[in-house]
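> After the sequence you'll find the predicted model.
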Amino acid sequence: MTWTEKLDSFFGISEKGSTVRTEIIAGFTTFMTMAYIIFVNPAILSQTGMPFAPLVTTTVIATAVATIIMGLYAKKPYALAPGMGLNAYFTYSVVIVMGYTWQIALAAVFIEGLIFIVLSVTKVRTMVANAFPVALKYSIGAGIGLFLTFIGLNDAHLIRYTAQELLSSGEAVGVLVSLNYINVPSVAIALIGLIITIILFVNRIKGALLWGILGSTAIAVIWATLDSGAASQLYPAGFSLPSSPLSLPASIAPIALHMDFVGLFNVGAIGVIFAFLMVDFFDTLGTVTGLSAKVGDLDEKGNIPEKPLTRMLLTDAIGTTFGALLGTSTVTTYIESAAGVEEGGRTGLTSVVVALLFTIGLFITPIVALVPSAATAPALILVGLFMLSNIRFVNFEDYTEYIPAFVTLVTMPFTYSISNGIGAGIITYVIAKLASGRYREVSPLMYILAVIFGIYFFWLYWL
């Protein structure tokens with residue numbers, strides 16, 4: 001038996017209608033779209049006082065370990081890493097605004113991970129996932145698609161924000177969003193990448209997203225080399241051609257196993273754990289559901305089969321717990337995995353490739369740093385388009401189904417939060433069914449979730 005046959009047998013590649021080559025290309029594509037986390041996560045968390053260099057090492061290790069577990073155990077083509085949004089909440093809300101130390105924040109993440117392990121093993125998370133109505137499940141996938149598009153537009157600075165002054169005092173009370181100027185380097189690179197990728201897609205070229213990223217990266221590097229002004233915009237952290245492609249990882253000793261559990265023994269810190277739980281729980285649930293809908297893993301009832309769902313959620317929980325031990329914020333399933341899915345990734349081999357590339361990336365960070373966010377933006381923008389197709393499964397003739405789906409769809413990108421979109425959709429769904437007298441169509445768990453999200457929104461945005 002050849003090595004390709006062994007891989008096919010272990011991952012069930014042929015059964016999923018894929019090939020080893022396709023899975024490898026999908027893994028490269030997913031890696032390219034999320035490699036930014038190697039530098040962005042440390043940049044955010046270092047503002048808490050944590051040292052930058054060890055955070056780079058920790059970020060890569062946590063990502064690689066969690067992702068390879070997803071590939072070998074759950075056998076799904078999804079990658080995990082410290083979550084964007086969750087790392088911002090960790091830094092700006094918990095540490096900077098609330099005043100907790102980063103050691104206490106890590107302890108909160110660790111406890112959250114343990115709670116998730118229990119909830120995953122006891123099938124509570126599976127019950128919650130399967131309690132969602134079909135309309136919300138498909139709208140979650142479509143909403144994530146729009147969220148990805150918005151992230152891509154933002155990463156490339158294709159859109160810009162201008163304060164709108166309406167009051168006589170000149171106080172800015174709103175924000176206008178408009179297209180940015182084409183002569184901005186990041187905008188130009190993103191548009192070039194978008195054109196390259198579209199041309200490849202319409203001609204059915206395999207690896208279109210990956211080639212688009214590599215092509216626009218090459219142009220960005222040449223431009224940045226010739227123009228220091230463009231370099232400063234394409235690479236805000238600084239640009240220079242590496243003298244060597246290799247680098248040794250920093251020790252994680254300054255941040256690993258530095259959790260402060262004593263500081264958790266107060267009411268405020270309990271609220272922090274609750275917030276981490278809510279955001280991570282529903283971000284992961286939404287991402288897994290949306291990606292599964294795109295892959296075609298939902299059954300006739302719109303549910304993810306119990307065994308693979310449990311394994312995916314348990315992998316996510318283990319990733320969070322392990323990440324906290326290493327010294328990073330919550331590890332979660334990445335929506336950028338959709339890029340690899342769109343390239344045809346259907347099995348855990350895609351995840352294994354991503355994990356291996358992150359491991360290699362730990363030693364070639366100077367090369368990885370050459371890929372600007374503007375080069376990966378086109379992939380995210382187009383993946384949003386493909387995931388939007390899920391909305392066609394929603395019943396547009398039934399307002400009690402369509403309105404909650406619409407609320408879910410638009411809330412995610414406009415509030416920059418998957419969990420906000422899910423919560424708003426659940427609450428709207430329950431209200432719509434009650435108002436129409438069709439309350440029996442709502443499962444008891446959905447009523448409970450609506451109340452929980454009501455409390456969550458009240459605590460987060462009112463108190």
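Cool, the structure landed. Numbering: from 1, shown residues only.
> Low-confidence ranges, the protein, go.
In the predicted model, the chain carries pLDDT under 70 at residues 85, 162-175, 266-269, 271, 302, 460-461, 463.
> What is the burial count for residue 9?
12 (other C-beta atoms under 10 Å). From N, CA and C alone the C-beta is placed, and that goes for glycine too.
> Not counting sequence-adjacent ones, nearest residue to it?
residue 1 (7.5 Å; C-beta to C-beta, 6 or more residues apart in numbering).
> Strands of the stretch 201-350 of the chain, residue ranges please.
Using DSSP state E, counting those that start in this stretch, the strands found in the stretch 201-350 of the chain span residues 331-333.
> residue boundaries of the helices in the stretch 151-300 of the chain?
Along the stretch 151-300 of the chain, counting by DSSP state H, counting those that start in this stretch, helices occupy 185-202, 208-226, 228-234, 267-295.
> now, of these, which is deepest in the fold?
helix 267-295 (a mean of 22; mean count of other C-beta atoms under 10 Å).
> Can you give the distance of that one from its chain's centre?
Helix 267-295 sits 11 Å away from the centroid of its parent chain (C-alpha atoms, centre = their mean, to the nearest Å).
> that older thread, output the helices of the stretch 151-300 of the chain in a markdown table; the columns should cover distance to residue 178.
Formatted as a markdown table, the helices of the stretch 151-300 of the chain follow (distance: least, C-beta to C-beta, whole Å):
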| stretch | distance to residue 178 |
| --- | --- |
| helix 185-202 | 12 |
| helix 208-226 | 23 |
| helix 228-234 | 18 |
| helix 267-295 | 29 |
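> Which of those sits closest to residue 147?
Of all these, helix 267-295 sits nearest to residue 147, with 9.4 Å by C-beta to C-beta.
> quick one: which of the helices of the stretch 151-300 of the chain is nearest residue 140?
helix 267-295 (4.7 Å).
> So which of the helices of the stretch 151-300 of the chain is nearest residue 121?
Residue 121 sits nearest to helix 267-295 of all the helices of the stretch 151-300 of the chain, at 14.8 Å, using C-beta to C-beta.
> circling back: quick one: which of the helices of the stretch 151-300 of the chain is nearest residue 35?
With C-beta to C-beta as the measure, helix 208-226 is the member of the helices of the stretch 151-300 of the chain nearest residue 35 (9.6 Å).
> I'd like to check the angle between that closest one and helix 185-202, please.
Helix 208-226 runs at 150 degrees relative to helix 185-202, counting by axes from the mean of the first three to the mean of the last three C-alpha atoms, to 10 degrees.
> same for helix 208-226, what does it pack against?
The contact analysis (3 or more C-beta pairs under 8 Å, 6 or more residues apart in numbering; DSSP states H and E) places helix 208-226 against helix 20-34, helix 185-202, helix 228-234, helix 373-387.
> how distant is that helix from the center of its chain?
23 Å.
> Specify the angle between that helix and helix 20-34 in degrees.
Going by the same axes, to 10 degrees, helix 208-226 makes 40 degrees with helix 20-34.
> Identify the residues contacting helix 208-226?
25, 28-29, 32-33, 185, 189-190, 192-194, 196-197, 200-201, 205, 230-231, 234-235, 239, 241, 339, 342-343, 370-372, 374-376, 378-379, 382-383 (C-beta atoms under 8 Å, 6 or more residues apart in numbering).
> now stretch 11-28
Contacts to stretch 11-28, defined as C-beta under 8 Å, 6+ apart, come from residues 4, 7-8, 75, 77, 206-207, 210, 340-341, 343-354, 356-357.
> Check the separation of the first and last residues in stretch 287-307.
17 Å (C-alpha to C-alpha, to the nearest Å).
> next one: that stretch to chain centre, how far?
17 Å.
> Just the residues contacting it, thanks.
For stretch 287-307, contacts defined as C-beta under 8 Å, 6+ apart pick out 77-78, 123, 126, 129-130, 132-134, 137-138, 140-145, 308-309, 312-313, 316, 332-335, 337-338, 341-342, 346, 386-387, 390, 393, 418.
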